[in-house]
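Peer 1: sequence and predicted structure, then a few things I'm wondering about:
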Amino acid sequence: MQVKAAKDGVAFKRAGFSTLIEALEYAAQGDGAVNFYGSRGEAVCSLSYAELRDDARALGRGLLSLGYDKGSRLAIVAETEACFHRFFFACQYAGMVPVPLPAGIQMGAHDSYVKQLRQMLASCGAVAAVSPSSHIHFLQEAAAQEPDIKVGLPDDFPYITDASVALRPLAQDDLAYLQYTSGSTRFPRGVEITQHAALWNVEEISVNGLNLDEEDRFVSWLPLYHDMGLVGFVLLPLVNQLSADLLSPRTFAMRPRLWLKILSDNRGTISSSPPFGYALCARRLRAADTEKYDLSYWRAACVGADRIYPKPLRDFARALAPAGFKPSAFVACYGMAECALAVSFAPLNTGFEVDVVSRKRMSEHLLAEPVVCEDGKDEKETLLFVDCGSLLPSYEMCIRDARGFEVNERCCGTIFLRGPSVMRGYFQNPVATAEVLDQQGWLNTGDIGYRVGDRIYITARGKDVIIINGRNVWPQDLEHLADGLHGVRQASVSAFAASTVWGEEVAVLVVESRERETCKREQISTTLTARAHAHFGIHVYVDLVEPGVVSRTSSGKLSRAKTRTEFYARAPAEFSQFRVNGAAG
Amino acid sequence: MSVETTGIEKVLISILRDFLESDHVLSGETNLVSDLNLASVQVMEFVVEVEDHFDIAIDLESLSNIHTLSELAEAVRQSR
């Protein structure tokens, strides 16, 4: 199979499109393509932008022929296959809103995956849903109680090539897609991103973030139902008429070295990952591998989506130095689905810069007081934060304290953002929208951070969201696991992330219990860890405490932050030695 | 349970040993997802070893319904 690369069939253009269709039709005049790879790294399909345009038009006519209203939602199980691109853009032509659905399934997770799909279908009010054959039975099961939703394989939808049938293209102020990255699995929230917001962000990433040129080539294993996969590796290359090589997240998790092989084979220049992806790669690398790869073309290895710890990145860079990987290629960035994708980028070609601050001043006063880094300085006294660069030009930022006042440089607070790429709201959810977007257009990101000059440092992601191995887990969902468990005080459970002395993030579940018997206490812990594994594929540390230990605010709501601070102060002896099995690598 | 499945289980246990730090008692009833404190990415890694060893591919639907070691052994048998 021939893998296609972009050539200069049309003049390279990275700005000025008003809709995704306009961008696709321009790219279709060139030689750019999206290449899909199979589970053993073999090229399975190459979809040129010209073919994508033709397929999307024909499928768009097909969708129109089914009589769906303008703005109605088509859910797409976002497996990394060409049908995702085809249906995503078919929606653009048919005046429908595409909704990427998760495609990742863990061992034994049949029921929880189906439930997740069902909740998302309901939340977005989909009129139709499409899936490749690999996931179709899950989707059918999820929609079984909803006879009005048309569920099918890609071939089950009409494909009308007759160009005389009119299309109904989405316009600049219409939604481009709904994104379900944000929110808990029980209460999913669809981020509404308009054409204008998406394209604005893509343009700023192209010009200010990555300074793309016509030699660039994208390689990714990121899920297409995440902002980084969808915006970063579907829309960004397409809007720039550049080729992308995609492998599925499942393939990456199983054979992470394929990521490097595809980067090497195609002279990839742009590829991103949350930190755990770099760590996983470094851990599975064999010495003989590095000589086979040439990673010298990789100029922007973006790191985002997570609190960034320098060590795994340094390990990765060291292991791949023989393959020509340059540590200066690391680009720390900050972003979220509520802002399409990106908010800030560190400067290119410099690698990541670390701010070393006093741990004591940070934990007691939320102040990022710089500490002169001397050899032998006790790591327990310092914290490291990575410079996530300066804002993309159209954003305004305000970092506020708990009372809503803007804080000074080097003071931690909640990050608020405003700008043209900020979402319109959460789909059909005015309550959740009002919680994060105010009348003046300020988005409460829930992220905690500080600034130094125009540089941004993130100290904690999400209000409470727990990120383990790149997976977002909502504390409410973890706390829910204790519901109905014998011996546990109802509604007296608090979940949060804590870092061990090894620098690993661990999910902690503080549980109030009156149970005295050792074996029954152990049983509670065992049941909760088993449930966490089964539902979320993560390990939790269970801390059984006396009634009254879990902190509440004056209005009686759980205060996870306070419970977490007290947990650290209490420092259960075995937690300091706690390691997630095998994570040592 | 067939002789074949019992044989496969033994191979699975020997592959699984490499992923475990402590001496878990492993049997056909061992729940791979919840009994072993393995992170999901390690479970994937284990599945890759199994697939490579038997030169098979376990499809997503089968995988999503596997909880125990003996269920995995049965899926391996059917994939051969």
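Peer 2: Structure's in. What do you need?
Peer 1: how about stretch A:123-134 and chain B, touching?
Peer 2: Yes. Using CB under 8 Å from any CB of the partner chain, stretch A:123-134 reaches chain B at A:S134. In this view, the C-beta of every residue, glycine as well, is placed from N, C-alpha and C.
Peer 1: quick check: mean pLDDT of that stretch?
Peer 2: What stretch A:123-134 shows for mean pLDDT is 97.
Peer 1: could you do stretch A:480-491 as well?
Peer 2: 81.
Peer 1: chain B contacts on chain A?
Peer 2: Residues of chain A that fall close to chain B, judged by CB under 8 Å from any CB: A:39, A:105-110, A:113, A:134-135, A:137-138, A:250, A:253-255, A:276, A:280, A:284, A:468-469, A:471, A:529-531, A:533-534, A:537-539, A:580-583.
Peer 1: now chain B against chain A: closest residue?
Peer 2: Nearest to chain A in chain B, going by CB to the nearest CB, is B:S40, at a distance of 2.9 Å.
Peer 1: so A:T563 makes contact with A:S494?
Peer 2: Yes. Under the criterion of CB atoms under 8 Å, A:T563 makes contact with A:S494 at 4.3 Å.
Peer 1: what do these two both touch?
Peer 2: Common neighbours of A:T563 and A:S494 are listed as A:V510, A:V550, A:S551 (criterion: CB atoms under 8 Å, 6 or more residues apart in numbering or on different chains).
Peer 1: rewinding a little: just the ones of the residues of chain A next to chain B in helices?
Peer 2: Taking DSSP state H as the definition of helices, those contribute A:110, A:113, A:137-138, A:250, A:253-254, A:276, A:280, A:284, A:529-531, A:533-534.
Peer 1: and those, which two are furthest apart?
Peer 2: Spatially, the most separated pair among these is A:H137 and A:R284, at 31.0 Å (CB to CB).
Peer 1: the more surrounded of A:T563 and A:S494?
Peer 2: More crowded of A:T563 and A:S494, by other CB atoms under 10 Å in any protein chain shown: A:S494, with 28 against 21.
Peer 1: for the more buried one, helix, strand, or coil?
Peer 2: strand (DSSP: H, G, I helix; E, B strand; the rest coil).
Peer 1: same check on A:V165?
Peer 2: coil.
Peer 1: ok, A:L280 to A:V545 distance?
Peer 2: 34 Å (CB to CB, to the nearest Å).
Peer 1: need the phi and psi values for the residue located most distally from the centre of chain B.
Peer 2: Distance from the centre of chain B peaks at B:S22, with 17.4 Å (CA atoms, centre = their mean). Note on B:S22: its backbone torsions stand at phi -100, psi 170 [degrees, to the nearest 10].
Peer 1: and A:R40, by the same measure?
Peer 2: Dihedral pair for A:R40: phi -110, psi 20, per degrees, to the nearest 10.
Peer 1: what residues are up against it?
Peer 2: Counting by CB under 8 Å, 6+ apart, A:R40 makes contact with A:R255, A:L258.
Peer 1: how is chain A divided into domains?
Peer 2: Per the record, chain A has its domains at A:355-460, A:466-576, by automatic domain parsing.
Peer 1: please point out which parts of the strand or helix carrying B:V41 sit buried.
Peer 2: For B:V41, the element it lies in under DSSP states H and E is helix B:40-54. Going by neighbour count (16 or more other CB atoms under 10 Å in any protein chain shown), the buried part of helix B:40-54 is B:S40, B:V41, B:Q42, B:V43, B:M44, B:E45, B:F46, B:V47, B:E49, B:V50, B:E51, B:F54.
Peer 1: could you dump these into TSV and include pLDDT?
Peer 2: Formatted as TSV, those follow (pLDDT from 0 to 100):
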residue	pLDDT
B:S40	76
B:V41	78
B:Q42	83
B:V43	87
B:M44	86
B:E45	87
B:F46	92
B:V47	92
B:E49	92
B:V50	94
B:E51	92
B:F54	94
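Peer 1: assign a three-state SS to A:T80, would you?
Peer 2: Under three-state DSSP, A:T80 falls in the coil class.
Peer 1: count of neighbours near it?
Peer 2: Here the count is done by other CB under 10 Å, and A:T80 has 27 residues near it.
Peer 1: so what's it closest to, chain neighbours aside?
Peer 2: Closest residue to A:T80 apart from its sequence neighbours, by CB to CB, 6 or more residues apart in numbering or on different chains: A:S248 at 3.9 Å.
Peer 1: okay but that neighbour is in contact with A:V77, surely?
Peer 2: No. Using CB under 8 Å, A:S248 makes no contact with A:V77, being 12.0 Å away.
Peer 1: overlap of the contact sets of the two?
Peer 2: With CB under 8 Å, 6+ apart as the test, A:S248 and A:V77 both reach A:A103.
Peer 1: on that earlier part again, could you check the pLDDT of the residue farthest from the centre of chain B?
Peer 2: In this model, B:S22 is scored at 73, pLDDT.
Peer 1: again with A:C412
Peer 2: pLDDT, A:C412: 88.
Peer 1: between A:L280 and A:V545, which one's more packed in?
Peer 2: A:L280 (25 against 19).
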